[in-house]
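[1] What would the 3D arrangement of this be:
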Amino acid sequence: MKQFYTLFLLFALHLTFGQANKKQYDYFVQFNGNQLSKKVNLVDILNHPLIAKYKDGPDLAQYAALFQIDQKASIHGNFTDSIQYYQVTIPIKSKEAVKQFLIEQRTINKNTDSVEVPVIKDLGKYLLFSPSNQKKSFAWNDNYLVILEFTKKYKSNILHETKQDSISIEEPYEETTTNETNATTENDDTEVVEEYAGISNEEYEKAEADFNFLQAEQQNLFIKSLFENGFTPPNSDKINAGADISSWLNYSSVMSTLSSTYGALSQFTSYNKFLPVQNSFGNFVKGINLDFYFDNDNARIEEVIEYAEPMAVVVEKMTNRKINKNIFNYFPDEKPLAYMSYHINSKAILENFPSLTAELFQNPKLRKEDITIVTDLISTIIDEEATATLFDGDLSMFLYNMKEVEVTTKSYGYDENYEEKVTEQKIKKNIPLFSAVFTSTHPTFGDKLIQLGVRKQFLEPKGDYYQILGTEDYGTIFIKKDKDVVIITNTQDYFNTGKGTFSKEAKKALKKNYISGKVNIAGLTNVYANTDEANETKAAKIKRVAEQFTDITLESPKKLIDNKLIFECKLNAAKSDKNIILQTLDLAQELSK
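    All right, here's what the predicted structure looks like:
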């Protein structure tokens, strides 16, 4: 009978995998060798002296001889489907060369004298190698190598979930007293433990072995379905063919996995039924792309978040904020060492918070009427327009310089009579000079909060600003409020007219971006090199880095494109004579000497 069910299962799997269905993946990563090879000779990367110095395993030049590195290769898979797996697909130059490579790698064993000759099956349209001590399989034809592994783990069905009463939207339910519920749960727990205790290790191991055997058969059938009608490399319309490396993650699948995890952990509690379900998260975000680009003068990463249509409308309202121009009065005239400016419509967030909360907690165990009560209560309590004035949504942070200050430190110990002894010592240390600037248009709250700080002896008035007491170790931090602009800083040396070169550049960038930032590598490294912490060797290396790279920029546009929000991080090079990958390898090799 067991053989009959096994054959029946395999036949069903064969029918399933034999169909030419459009596959949906939980993740997909694609190396666009055809794109990157236009910018740099990939063999030069593999043969770079630094990589050769630290390589572990076979010579990387062998990979260049085996694989078509100027074509597309991919890694994809599923972790939420009934068939959980990962698949690596690499274009190859020769079927026989791959076979010989696998044989060489498996027969060379430096630790023992034993030699295991791989058993490679020739199945006509493809070759198959399944290592005896591993679950993954290697399959290849004249053009492609596939590395595949089914990743689902065996779980015993003996441990059942505790039965819990569910609250239905359509049907009425009867209330249960606390004592009755606890008694039911305790009885169910006892039955589960007793049932689990009755399983021996031998029975568990046998069940696990049967599961692994069937999964191995499924894996072989899956591979057969890939090759029997001619292998077609996997593809995804979520992948950016213009990127050098493009990846995509199904956000709903990730949240589904997390939901299953906390669901399993909380199966013995009655509260998990009220938590958000994974489908709710999927209604917000469809997926996330992470794309990499490597040019001669820069390397950049783009994170692209694709929202569902209703959520995209809300997000664009949040990011499309008209900046309070008064904040620019406290932008430095000259370029700081680093800055980040963030501007979001806090009023739009508050206005949409109730509807987003209702969508998030759409759970069949909750009554719609109950959710409506909560969201209406939030809307009633929160005056969106008034609350938004507490923090309008403008926030800018700056790092100007480093400064050496003298501070007093205390150390505690005991003398010869075992009495506590406090020792004070003055030391010099370098502190960063910084400021954080934000806007608040509430007519009274900011001033009242400052006066509260004065009464509680947390703040001390100093002319047109207030010193935060006890912050001397950080250069003495103070707060200043100028109408609807609030400044927290430890220096007053960089506040000018807000009409200098940097201020103009920042205004221009923030017209189209709701996030804009930059790290001045040259300035930052030069400042650090002049501190006592940097010795001669460190200073020389830091200077070399500053000669190679100019800055790191961050930005995110206000406008969404096709319901997608983009966040870009870019490393800019000072030179453009070769691809930035080779520049980075050259620099790393030089610094490692």
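
[2] where do the strands sit along the stretch 351-500 of the chain?
    According to DSSP state E, counting those that start in this stretch, the stretch 351-500 of the chain carries its strands in the segments 394-414, 420-439, 459-462, 465-468, 478-482, 485-489.

[3] Pull up the pairing partners for the third one, direction included.
    Going back to what we said before, that points to strand 459-462. For strand 459-462, sheet partners with direction are given as strand 465-468 (antiparallel), following DSSP bridges.

[4] Give me the residues contacting the partner strand.
    450, 453-454, 458-461, 476-480, 492 (CB atoms under 8 Å, 6 or more residues apart in numbering). Where C-beta positions appear, they are placed from N, C-alpha and C, glycine not excepted.

[5] same thing but 7 Å
    Outside strand 465-468, the residues that touch it by CB atoms under 7 Å, 6 or more residues apart in numbering are Ile450, Gly453, Val454, Leu459, Glu460, Thr476, Ile477, Phe478, Ile479, Lys480.

[6] Which one of the residues you listed is nearest to Phe150?
    Nearest to Phe150 among the contacts of strand 465-468: Ile477, at 57.0 Å, using CB to CB.

[7] and Ile561, bridged to which residues?
    As assigned using DSSP bridges, the partners bridged with Ile561 are Lys564.

[8] and it, how many neighbours does it have?
    10 (other CB atoms under 10 Å).

[9] Distance of it relative to Ser94?
    Using CB to CB, to the nearest Å, one gets 43 Å for the distance from Ile561 to Ser94.

[10] swap in Ser200?
    Ser200 is 51 Å from Ser94, by CB to CB.

[11] again with Leu449
    Counting by CB to CB, the separation of Leu449 from Ser94 is 73 Å.

[12] Drop anything exposed from the contacts of strand 465-468.
    Among these, those scoring as buried are Ile450, Gly453, Leu459, Thr476, Ile477, Phe478, Ile479, Lys480 (criterion: 16 or more other CB atoms under 10 Å).

[13] Can you add distance to Trp248 and give those residues back as a markdown table?
    Listed next are those as a markdown table, based on distance: CB to CB, whole Å:
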| residue | distance to Trp248 |
| --- | --- |
| Ile450 | 48 |
| Gly453 | 49 |
| Leu459 | 50 |
| Thr476 | 49 |
| Ile477 | 44 |
| Phe478 | 47 |
| Ile479 | 45 |
| Lys480 | 46 |
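
[14] And the residues you listed, which two are furthest apart?
    Ile450 and Thr476 (16.9 Å).

[15] So for stretch 243-261, mean pLDDT?
    Average pLDDT, stretch 243-261: 80.

[16] For stretch 26-36, buried residues please.
    For stretch 26-36, by 16+ other CB under 10 Å, it's Asp26, Tyr27, Phe28, Val29, Gln30, Phe31, Asn32, Gly33, Gln35, Leu36.

[17] same deal with stretch 565-575?
    If you call a residue buried by 16+ other CB under 10 Å, then stretch 565-575 has these buried ones: Leu565, Ile566, Phe567, Glu568, Lys570, Leu571, Asn572, Ala573.

[18] distance of the second one from Ile288?
    Remark: distance between Ile566 and Ile288 (CB to CB) = 11 Å.

[19] The fourth one too?
    Taking CB to CB as the measure, Glu568 and Ile288 are separated by 14 Å.

[20] I figured Gln84 hits Thr151, correct?
    Yes - Gln84 is within contact range of Thr151, at 4.9 Å (criterion: CB atoms under 7 Å).

[21] Any idea how far the helix ranked longest in the chain is from the middle of the chain?
    For the chain, the longest helix by residue count, based on DSSP state H, is helix 201-227. Distance of helix 201-227 from the chain centroid (CA atoms, centre = their mean, to the nearest Å) equals 33 Å.

[22] Just checking: what are the partner strands of the next helix or strand after that helix?
    Going down the chain from helix 201-227, the next helix or strand is strand 245-250, by DSSP states H and E. Sheet pairing of strand 245-250 (DSSP bridges) gives strand 27-32 (antiparallel), strand 285-294 (antiparallel).

[23] Can you give the contact residues for strand 245-250?
    26-32, 236, 238-240, 287-292.

[24] Check which residues of that strand are buried.
    The neighbour-count check on strand 245-250 (16+ other CB under 10 Å) flags Ile245, Ser246, Ser247, Trp248, Leu249, Asn250 as buried.

[25] so which of those comes closest to Asn579?
    Using CB to CB, Ile245 is the member of these that lies nearest Asn579, at 13.8 Å.

[26] low-confidence ranges in the stretch 401-550 of the chain?
    Where the stretch 401-550 of the chain drops to pLDDT under 70, the residues are 496-498.

[27] what do you get for the chain?
    Checking the chain against pLDDT under 70 turns up 1-23, 55-60, 108-116, 157-198, 256-282, 353-388, 496-498.

[28] Dump the C-alpha coordinates for stretch 459-473 into PDB.
    C-alpha atoms of stretch 459-473 as PDB (Å, rounded to 0.1, in the frame of the first residue of the first chain):
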ATOM      1  CA  LEU A 459      17.400  74.100  31.000                       C
ATOM      2  CA  GLU A 460      19.100  77.300  31.900                       C
ATOM      3  CA  PRO A 461      18.400  80.500  30.000                       C
ATOM      4  CA  LYS A 462      21.400  82.000  28.200                       C
ATOM      5  CA  GLY A 463      20.200  85.000  26.200                       C
ATOM      6  CA  ASP A 464      18.300  83.900  23.200                       C
ATOM      7  CA  TYR A 465      19.000  80.200  23.800                       C
ATOM      8  CA  TYR A 466      18.700  77.600  26.600                       C
ATOM      9  CA  GLN A 467      21.600  75.500  27.800                       C
ATOM     10  CA  ILE A 468      20.900  71.800  28.600                       C
ATOM     11  CA  LEU A 469      22.500  71.300  31.900                       C
ATOM     12  CA  GLY A 470      24.900  68.300  32.400                       C
ATOM     13  CA  THR A 471      25.900  68.100  28.800                       C
ATOM     14  CA  GLU A 472      29.500  69.600  29.100                       C
ATOM     15  CA  ASP A 473      31.100  66.300  28.100                       C
END
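
[29] Help me confirm that Thr89 is found in a strand?
    Yes - membership of Thr89 in a strand is supported by DSSP: H, G, I helix; E, B strand; the rest coil.

[30] Nearest residue to it in space, please, no chain neighbours.
    Spatial nearest neighbour of Thr89, chain neighbours left out: Ser74 (5.0 Å); criterion: CB to CB, 6 or more residues apart in numbering.

[31] hey, what's the one you found bridged with?
    Gln30, Thr89.

[32] roughly how far apart are the residue lying farthest from the centre of the chain and Glu424?
    Outermost residue of the chain with respect to the C-alpha centroid, by CA atoms, centre = their mean, is Asn417; its distance is 55.8 Å. In this view, Asn417 and Glu424 are 20 Å apart by CB to CB.

[33] So between Ser200 and Ser94, which is more surrounded?
    Neighbour tally, Ser200 and Ser94, criterion other CB under 10 Å: the higher count belongs to Ser94, 14 against 9.

[34] Understood, closing this out.
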